[in-house]
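J.: Structure, please.
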Amino acid sequence: RLYQIPFEMPDCEGESETRTLHLVGDFSAPAEFFVTLGVFSFLYAMAALVLYLRFHSLYGENKKLPFTDFCITVCFAFFWLVAAAAWGKGLSDVKAATRPSSLIAAMGVCQGQDVVCNAGTTPAMGLANISVVR
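T.: This is a model prediction of the structure:
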């Protein structure tokens, strides 16, 4: 939800005044999907572990239970792949929206003839990249 993040921009008309701008975009859905799937995967893994350890004889005697477990695991693996791809796309969108050159281009104060605008630092995205790789 980048639109909730404010940042200060100098107002060249008044030397000491600043204007508050907000970033553009809402890329929270892929991240929420990724986290929700992770929580459901964890809960299913805990339930399966209880089934394997506590009710081992039931798991061995019932022929449909292992097949059902396999099908649920395949579904989770597929959705995990989809969630990782969605989170990767969401991250690339966040990077594009927070790129210093994009922000400077969107600032009206930087569009003047004799105005030179530059970004202080490039945002560090290393941990965000690692979250997609994992």
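J.: show me where the chain has helices.
T.: Per DSSP state H, the chain carries helices over the ranges 28-54, 56-61, 64-97, 100-106, 126-133.
J.: want to try JSON lines for those helices, with distance to residue 18, mean neighbour count and mean pLDDT as columns?
T.: No exception for glycine: its C-beta is placed from N, CA and C like everyone else's. Shown next, in JSON lines, are the helices of the chain (distance: least, CB to CB, whole Å; neighbours: other CB atoms under 10 Å; pLDDT from 0 to 100):
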{"stretch": "helix 28-54", "distance to residue 18": "27", "mean neighbour count": "13", "mean pLDDT": "90"}
{"stretch": "helix 56-61", "distance to residue 18": "64", "mean neighbour count": "10", "mean pLDDT": "81"}
{"stretch": "helix 64-97", "distance to residue 18": "21", "mean neighbour count": "14", "mean pLDDT": "88"}
{"stretch": "helix 100-106", "distance to residue 18": "15", "mean neighbour count": "14", "mean pLDDT": "71"}
{"stretch": "helix 126-133", "distance to residue 18": "28", "mean neighbour count": "11", "mean pLDDT": "72"}
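J.: Could you measure from the nearest residue to residue 41 once chain neighbours are set aside over to residue 94?
T.: Nearest residue to residue 41, sequence neighbours excluded (CB to CB, 6 or more residues apart in numbering): residue 76, at 5.4 Å. Distance of residue 76 to residue 94, given as CB to CB, to the nearest Å: 26 Å.
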